[in-house]
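**Student:** Build the 3D model from these lines:
(one chain, ligands or ions: 2)
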Amino acid sequence: MSEPSTDCLFCRIVAGDVPADVVAESEHALAFRDVNPQAPTHVLVVPRQHVENGAALAAASPAALAGVVGLAGEVAEQEGLADGYRAVFNTGVGAGQTVFHAHLHVFGGRDLTWPPG
Ligand code: 5GP
Ligand code: ZN
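**Tutor:** Numbering: from 1, shown residues only. Ligands and ions are numbered 1, 2, ... in the order given. As a prediction, the model looks like this:
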């Protein structure tokens, strides 16, 4: 695992140096609302440790990956998403990843088409 980076936006949010609307947290993960929501619920669940993407997180710490996915489930419950939600790791520039600190998008509160666009 890499050290927290002052250059990394999500490391700075985890450290409390950049404000965020935090909705849940645990030993391994922090959940906060996306600043540019694409659904009524759009929360980002990030590991506390700095790794580039979801697969790197799995390699570095299966427990932290489980913590991220588990916290996403808690957020969905807390947000009343009994009907369903979508959890996505964008991985790589071609998939739209813009912040290279692993984050699980949690979407819900509207119809979620499949396959996604
Ligand atoms: P990606 O495109 O890397 O999968 O997702 C990055 C997400 O981070 C985007 O949905 C974007 O709206 C969100 N984001 C970017 N900057 C900030 C910020 O400063 N605060 C919060 N809460 N979200 C941010
Ligand atoms: Zn980071």
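
**Student:** the longest helix in this structure is where?
**Tutor:** Looking across the chain with DSSP state H, the single longest helix is helix 62-78.

**Student:** Can you point out the buried residues in the helix or strand that comes right after that one?
**Tutor:** Downstream of helix 62-78, the first helix or strand assigned by DSSP states H and E is strand 86-88. For strand 86-88, the buried set under the neighbour-count rule, 16 or more other Cβ atoms under 10 Å, comprises R86, A87. Where you see a C-beta, it was placed from the backbone N, CA and C, and this is true even at glycine.

**Student:** Relative to strand 86-88, what are the paired strands and their orientations?
**Tutor:** Partners of strand 86-88 in the sheet, by DSSP bridges, are strand 104-108 (antiparallel).

**Student:** Quick one: mean pLDDT over the strand it pairs with.
**Tutor:** When pLDDT is averaged over strand 104-108, the result is 98.

**Student:** Could you list the low-pLDDT ranges of the protein?
**Tutor:** Scanning the chain for pLDDT under 70 picks out the ranges 1-4.

**Student:** Ligand 2 contacts on that one?
**Tutor:** C8, F10, C11, H50, H101 (Cβ under 5 Å from the ion).

**Student:** Now the residue sitting nearest the centre point of the chain: which helix or strand?
**Tutor:** Against the mean C-alpha coordinate of the chain, by Cα atoms, centre = their mean, the closest residue is V45 at 2.5 Å. Secondary-structure assignment from DSSP H and E places V45 in strand 41-47.
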